[in-house]
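Trainee: Attaching a predicted model along with its sequence, questions to come.
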Amino acid sequence: MLKYHDFPTDKKVFIFELDEVIYPKRDYLLQIYYLFANFLEFTETYPPQADLVSFLKQHLEQDGEELIFEHAADTFHFDLKYKEHFERLFVNAVLPVKLLMKEGIRELLSAIVADGKQICILTKGNPLMQLNKIKHIEWGVLASKLKVYFVDELQFRKLEPLDYIADELQIAKNEFVYING
């Protein structure tokens, strides 16, 4: 568990990756799978939501995210036309349950802010999906203290993300710490 006193005291900015640092990515994925399974059962009446969620969870744990939709469609014989809906859920789903931060992260972020230092999120992946995750995390008062940057967006603009953040915040690169898992 990360503790504020474990970091050098001269750092002005703390930059965090979102997935697996702030919260467990698995928590987001399982909620998306649950929503998709509910949609599919409601639309097609098959497969049963619980069976599909169980399959998706097992696939995630054993084989990861890769080809999860295709394997589920093949196993349960549902139409590939639902892939667009499945993918759309990742960027605009309203989750049934808020995402909780990993143990100790809220305390770490609160200590950083209490010490007058800046916290940022620098996250990889589809910016719309990452923003959807951020919206569903229970930030509390920390929400107003965050600056968020998207690796993919900055790289698309041909900018090196950490250099960009240092320039924007007018700090030297040795004045921040990047926690990315």
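Mentor: Looks like it came in fine. Numbers count the residues shown, from 1 in each chain.
Trainee: If we go by neighbour counts, what in stretch 156-172 is buried?
Mentor: Within stretch 156-172, the residues scored as buried using 16 or more other Cβ atoms under 10 Å are 161-162, 165-166. All C-beta atoms are positioned from the backbone trio N, CA, C, and that covers glycine.
Trainee: would you list every one of the helices in the chain?
Mentor: For the chain, applying DSSP state H gives helices covering 25-44, 49-63, 68-76, 83-92, 105-114, 127-135, 151-156, 161-169.
Trainee: Any idea how far apart the tips of stretch 66-82 sit?
Mentor: 17 Å (Cα to Cα, to the nearest Å).
Trainee: Show me which parts of that stretch are buried, residue by residue.
Mentor: For stretch 66-82, a neighbour-count test (16+ other Cβ under 10 Å) marks 68-69, 72-73, 76, 78, 82 as buried.
Trainee: what's the answer for stretch 30-42, then?
Mentor: By 16+ other Cβ under 10 Å, the buried positions in stretch 30-42 come out as 30-37, 40-41.
Trainee: do stretch 126-135 as well
Mentor: Using 16+ other Cβ under 10 Å as the test for burial, stretch 126-135 gives 127, 129-134.
Trainee: Then stretch 49-63?
Mentor: Residues 49, 52-53, 55-56, 59-60 are the ones in stretch 49-63 that count as buried (16+ other Cβ under 10 Å).
Trainee: Dump those to a markdown table, plus pLDDT and distance to residue 176.
Mentor: Shown next, in a markdown table, are the buried residues of stretch 49-63 (pLDDT from 0 to 100; distance: Cβ to Cβ, whole Å):
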| residue | pLDDT | distance to residue 176 |
| --- | --- | --- |
| 49 | 95 | 44 |
| 52 | 97 | 43 |
| 53 | 97 | 40 |
| 55 | 97 | 42 |
| 56 | 97 | 38 |
| 59 | 97 | 38 |
| 60 | 97 | 33 |
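Trainee: between those, which is nearest residue 26?
Mentor: Set against residue 26, the nearest of the buried residues of stretch 49-63 by Cβ to Cβ is residue 60 (6.9 Å).
Trainee: Right, I'll leave it there.
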